[in-house]
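[1] show me how the following folds:
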Amino acid sequence: MQELGRAGRDGKQACATLYVNNNDIGANLEHLSDDMRKYCNITTCRREFITNYFGFEVERPSNIHFCCDICRANKCKCQECSKPEQASNDVVECIQVPAAIKDIAKSVLSDYFTQENAIVKDYPTPSFVTGLCSTLASEISDDSSLWTEDSLKREFPYIENHYLETMAQLLDNVKNMKL
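    As a prediction, this is how the structure comes out:
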């Protein structure tokens with residue numbers, strides 16, 4: 001949660017990612033405030049929630065892509081979402097990738113993640129060590145703007161470079177497939 005307060009301090013647009021699961025919330029009941037639990041599980045605008053929490057009024061951006069994950073998922077009408085680091089209110093036209101290719105990308109990434117996680121078998125949950133999980137495979141395969149090594153490194157700095165480099169190579173192979 002601290003990252004949310006630090007993101008955007010310089011006045012520039014920022015993106016903060018919250019990773020949470022219900023086991024985390026359940027295991028930390030005594031340490032989490034009710035408001036923090038609500039924030040993790042809300043289905044309405046996160047930006048509005050957090051700004052109201054601190055006593056500010058929120059004005060949503062004209063481009064819903066820059067509001068929050070929930071607004072983007074529930075109200076976005078385009079195929080792909082633009083990235084927060086783009087200082088524009090215009091929707092960026094992304095490369096349209098057919099759904100069949102995205103499905104193949106998800107399958108290829110999932111298989112790769114399974115192989116890498118099998119190497120780290122000494123841990124009860126290898127994906128916690130590698131950062132490679134099915135949610136990540138879905139997120140990357142659904143957003144073709146992430147299909148380059150630079151984009152992957154920018155968006156997922158917590159994942160080791162050799163994983164990101166291999167993912168970029170795999171995605172490039174998938175992107176160049178003929179159906």
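
[2] count the residues that sit near Thr130.
    Using other CB atoms under 10 Å, Thr130 has 18 other residues around it. (Each C-beta comes from the backbone N, C-alpha and C, glycine too.)

[3] repeat for the one 4 residues further on
    Using other CB under 10 Å as the criterion, Ser134 is surrounded by 13 other residues.

[4] I figured it hits Phe113, correct?
    Yes: with contact defined as CB atoms under 8 Å, Ser134 counts as touching Phe113 (7.4 Å).

[5] show me where this structure has its helices.
    2-6, 22-27, 34-41, 46-53, 69-75, 99-119, 126-130, 134-142, 149-155, 161-175 (DSSP state H).

[6] now do the fourth one and helix 34-41, the angle between them.
    Here helix 46-53 runs at 170 degrees with respect to helix 34-41, directions being taken by axes from the mean of the first three to the mean of the last three CA atoms, to 10 degrees.

[7] now swap in the last one and tell me
    Per the same axes, to 10 degrees, the angle that helix 161-175 makes with helix 34-41 is 30 degrees.

[8] can I get helix 161-175 in PDB, CA atoms only?
    Extracted C-alpha coordinates of helix 161-175, given in PDB (Å, rounded to 0.1, in the frame of the first residue of the first chain):
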ATOM      1  CA  ASN A 161      15.700 -10.500 -16.900                       C
ATOM      2  CA  HIS A 162      16.400 -14.000 -18.300                       C
ATOM      3  CA  TYR A 163      12.700 -14.900 -17.900                       C
ATOM      4  CA  LEU A 164      11.600 -11.700 -19.600                       C
ATOM      5  CA  GLU A 165      14.000 -12.200 -22.500                       C
ATOM      6  CA  THR A 166      12.700 -15.700 -23.100                       C
ATOM      7  CA  MET A 167       9.100 -14.500 -22.800                       C
ATOM      8  CA  ALA A 168       9.800 -11.800 -25.400                       C
ATOM      9  CA  GLN A 169      11.400 -14.400 -27.800                       C
ATOM     10  CA  LEU A 170       8.400 -16.700 -27.300                       C
ATOM     11  CA  LEU A 171       5.900 -13.900 -27.900                       C
ATOM     12  CA  ASP A 172       7.800 -12.800 -31.000                       C
ATOM     13  CA  ASN A 173       7.600 -16.300 -32.400                       C
ATOM     14  CA  VAL A 174       3.900 -16.500 -31.700                       C
ATOM     15  CA  LYS A 175       3.200 -13.100 -33.200                       C
END
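
[9] who does that helix touch, helix- and strand-wise?
    In terms of contacts (3 or more CB pairs under 8 Å, 6 or more residues apart in numbering; DSSP states H and E), helix 161-175 is packed against helix 99-119, helix 149-155.
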